[in-house]
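A.B. asks: From the sequence below, what's the structure:
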Amino acid sequence: MSTHRYADYEDDYENDYPDTGEPDVLDERPRRGAAHVVSALGGLVLTPVALGLLSWGGLRQQQLIQATLSTNRDPLGIALLAGGAILLLVVAALGALSATGPILGGLIYGVLPGVAAMAVPEWGFRLVNLMPKSDIAYGVMDFLFIGGLLGVGFLLVGSGLANALVRRRREG
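C.D. replies: So this is what the prediction gives:
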């Protein structure tokens, strides 16, 4: 027995609107193709740039501190680290449009290379050798073998999945 005060009158209102067989306008989900494309492009373009900036800035900081055994600061290294972190924040925020960007960026540039380097270190060296020789390549190699790429990749994938779950819960 229902405790709602109008439960007894439910039958009076059930058949007021005949079913036309057409889907209700509210049942249609908006098309999200543009959001998926923008997010995917952002994840595929911004993630490697962000990781390169983080790697290069980290290498500069590491070399300065280890070479001089001092606590001097490298303004360019700090700016590179900050720029890379901000770009990663932008990639994660693209998950608000679509989870595609953070998931793709995290998988392609973080999880897959990180797992490959941990499983077979020679693959990690081969991946880094695809890059032109520079401080960025050495920074990426350091970041790859200390597990930084793997960690960032999992965080981006987790960010994308969390955004997708929240969106599904809101729509469902």
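A.B. asks: How many residues are close by residue 78?
C.D. replies: Around residue 78 there are 13 other residues, counting by other C-beta atoms under 10 Å. Any C-beta I mention is one placed from the backbone N, CA and C, and that applies to glycine too.
A.B. asks: ok now do it, which residues does it touch?
C.D. replies: Counting by C-beta atoms under 8 Å, 6 or more residues apart in numbering, residue 78 touches 57, 61.
A.B. asks: switch to 10 Å and redo it
C.D. replies: Listed by C-beta atoms under 10 Å, 6 or more residues apart in numbering, the contact set of residue 78 reads 57, 60, 61.
A.B. asks: okay, now the second one: neighbour count?
C.D. replies: One way to gauge burial is a neighbour count; for residue 60, by other C-beta under 10 Å, it gives 20.
A.B. asks: ok, it to residue 141 distance?
C.D. replies: Here the criterion is C-beta to C-beta, to the nearest Å. By it, residue 60 lies 14 Å from residue 141.
A.B. asks: picking that back up, between the contacts of residue 78, which is closest to residue 146?
C.D. replies: For the contacts of residue 78, the closest approach to residue 146 (C-beta to C-beta) belongs to residue 61, at 13.7 Å.
A.B. asks: Could you give the secondary structure assignment for residue 110?
C.D. replies: Following DSSP: H, G, I helix; E, B strand; the rest coil, residue 110 is assigned to helix.
A.B. asks: which non-adjacent residue is nearest it?
C.D. replies: Of all residues not flanking residue 110 in the chain, residue 153 sits nearest, at 1.8 Å (C-beta to C-beta, 6 or more residues apart in numbering).
A.B. asks: Check which helix or strand residue 103 maps to.
C.D. replies: Per DSSP states H and E: residue 103 is located in helix 100-106.
A.B. asks: for that helix, packing partners?
C.D. replies: Counting contacts by 3 or more C-beta pairs under 10 Å, 6 or more residues apart in numbering; DSSP states H and E, helix 100-106 packs against helix 33-68, helix 75-93, helix 148-171.
A.B. asks: got the angle for the first one vs helix 75-93?
C.D. replies: Orientation note: helix 33-68 sits at an angle of 150 degrees relative to helix 75-93 (axes from the mean of the first three to the mean of the last three C-alpha atoms, to 10 degrees).
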